[in-house]
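Visitor: Here you go, sequence then predicted model.
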Amino acid sequence: MAKAKTDDAADAEQGAAAGVAQVAPVDSTLGYEQARDELIEVVRSLEAGGTTLEESLALWERGEALAKVCRRWLDGARARLDAALAESPDEAGAERA
């Protein structure tokens, strides 16, 4: 029995048929460092130039998706830090004194 195509696979096929450069979708389970490092490579590729408009747009979209992954990690870290600081206001005050 054939498996139904996912939306991403169908979009990739349509893009390929239209001559649009395809970049693999971003795995939302990437760790912060992995997403950050890949984002750095995307920026380097864009800054280096030498790509077609379609390739540049695909890289830009991937960079935006990677930036969202990084932002989620940073927002989560901020929330954890805020929660930890809120738990022990007496200890934080004692350390400053």
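Guide: Yep, that arrived.
Visitor: Show me what counts as buried in the longest helix along the chain.
Guide: Longest helix of the chain, by residue count under DSSP state H: helix 53-87. For helix 53-87, the neighbour count (16 or more other CB atoms under 10 Å) marks 55, 58-59, 62-63, 65-67, 69-70, 73 as buried. In this view, the C-beta of every residue, glycine as well, is placed from N, C-alpha and C.
Visitor: For T29, state which of those is nearest.
Guide: Nearest to T29, judged by CB to CB, of the buried residues of helix 53-87 is V69 at 8.9 Å.
Visitor: tell me the contacts of that closest one?
Guide: By CB atoms under 8 Å, 6 or more residues apart in numbering, V69 lies in contact with 26, 28, 30, 32, 35.
Visitor: give me that answer again for 7 Å
Guide: Contact analysis of V69 by CB atoms under 7 Å, 6 or more residues apart in numbering lists 26, 28, 30, 35.
Visitor: Scan those residues and report the most crowded one.
Guide: Most neighbours among the contacts of V69, by other CB atoms under 10 Å: A35, with 23 neighbours.
Visitor: secondary structure element for it?
Guide: helix 32-48 (DSSP states H and E).
Visitor: Now do the residue lying closest to W73 once chain neighbours are set aside against R72, distance only.
Guide: Leaving aside its sequence neighbours, W73 sits nearest to Y32 (CB to CB, 6 or more residues apart in numbering; 3.8 Å). According to CB to CB, to the nearest Å, Y32 and R72 sit 9 Å apart.
Visitor: Next: D37.
Guide: From D37 to R72 the distance is 16 Å (CB to CB).
Visitor: Report pLDDT for D27.
Guide: Among the per-residue scores, D27 shows a pLDDT of 79.
Visitor: Flag the helix or strand of the chain with the lowest per-element mean pLDDT.
Guide: The helix or strand of the chain with the poorest confidence is helix 7-17; it has a mean of 46 (mean pLDDT, DSSP states H and E).
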